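Colleague: Turn this into a structure:
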Amino acid sequence: MLGMTKIEALIRPWKFEDVRDALIEVGVDGITVSEVISFARSEEHTTLFRGQEIRHSFQNKIKLEIVLLDDMVERVVQAISVAAHTGEIGDGSITVSTIFDAIRIRNGNQGIAAL
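Modeller: Numbers count the residues shown, from 1 in each chain. The predicted structure follows:
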């Protein structure tokens with residue numbers, strides 16, 4: 001029996017449409033998208049604020065959350081990896097987690113039927 005997996009990806013905002021199109025191409029039909037701010041010491045940069053240079057390590061990112069059947073995980077991770085890749089520091093990250101249950105609030109469907 002197939003299980004459920006959640007994929008979370010942090011990507012550059014300007015790569016979102018490329019990633020979305022790649023996900024649609026591999027059969028993903030639902031994504032939760034959030035604008036987030038991430039922190040990474042390796043991405044420190046300087047901005048000008050009220051005439052003062054400020055060094056910080058915060059980056060605007062897009063967070064994608066996708067819950068899907070286990071048999072789609074490899075294709076989806078590959079699609080995100082290729083579409084979000086620039087080869088530069090700050091390309092983002094992908095995490096994969098097992099989902100034990102899901103419930104669709106509207107109709108009470110549970111488990112795989114809720115997807």
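Colleague: Run me through the strand neighbours of the lengthiest strand in the chain, direction for each.
Modeller: Across the chain, the longest stretch assigned as strand under DSSP state E is strand 58-69. Strands adjacent to strand 58-69 in the sheet, as given by DSSP bridges, are strand 4-11 (antiparallel), strand 32-39 (antiparallel).
Colleague: among those, which is nearest residue 111?
Modeller: With Cβ to Cβ as the measure, strand 4-11 is the member of the strands paired with strand 58-69 nearest residue 111 (7.5 Å). From N, CA and C alone the C-beta is placed, and that goes for glycine too.
Colleague: that older thread, is it possible to export the strands paired with strand 58-69 to a markdown table including distance to residue 51 and mean neighbour count?
Modeller: Below are these laid out as a markdown table (distance: least, Cβ to Cβ, whole Å; neighbours: other Cβ atoms under 10 Å):
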| stretch | distance to residue 51 | mean neighbour count |
| --- | --- | --- |
| strand 4-11 | 32 | 20 |
| strand 32-39 | 23 | 11 |
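Colleague: Could you pull out the strands in the protein for me?
Modeller: Under DSSP E, the chain gives strands at 4-11, 32-39, 45-49, 52-56, 58-69, 92-99.
Colleague: Dump these into JSON lines; add distance to residue 112 and mean pLDDT as well.
Modeller: Formatted as JSON lines, the strands of the chain follow (distance: least, Cβ to Cβ, whole Å; pLDDT from 0 to 100):
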{"stretch": "strand 4-11", "distance to residue 112": "7", "mean pLDDT": "98"}
{"stretch": "strand 32-39", "distance to residue 112": "18", "mean pLDDT": "93"}
{"stretch": "strand 45-49", "distance to residue 112": "44", "mean pLDDT": "68"}
{"stretch": "strand 52-56", "distance to residue 112": "43", "mean pLDDT": "74"}
{"stretch": "strand 58-69", "distance to residue 112": "7", "mean pLDDT": "94"}
{"stretch": "strand 92-99", "distance to residue 112": "10", "mean pLDDT": "97"}
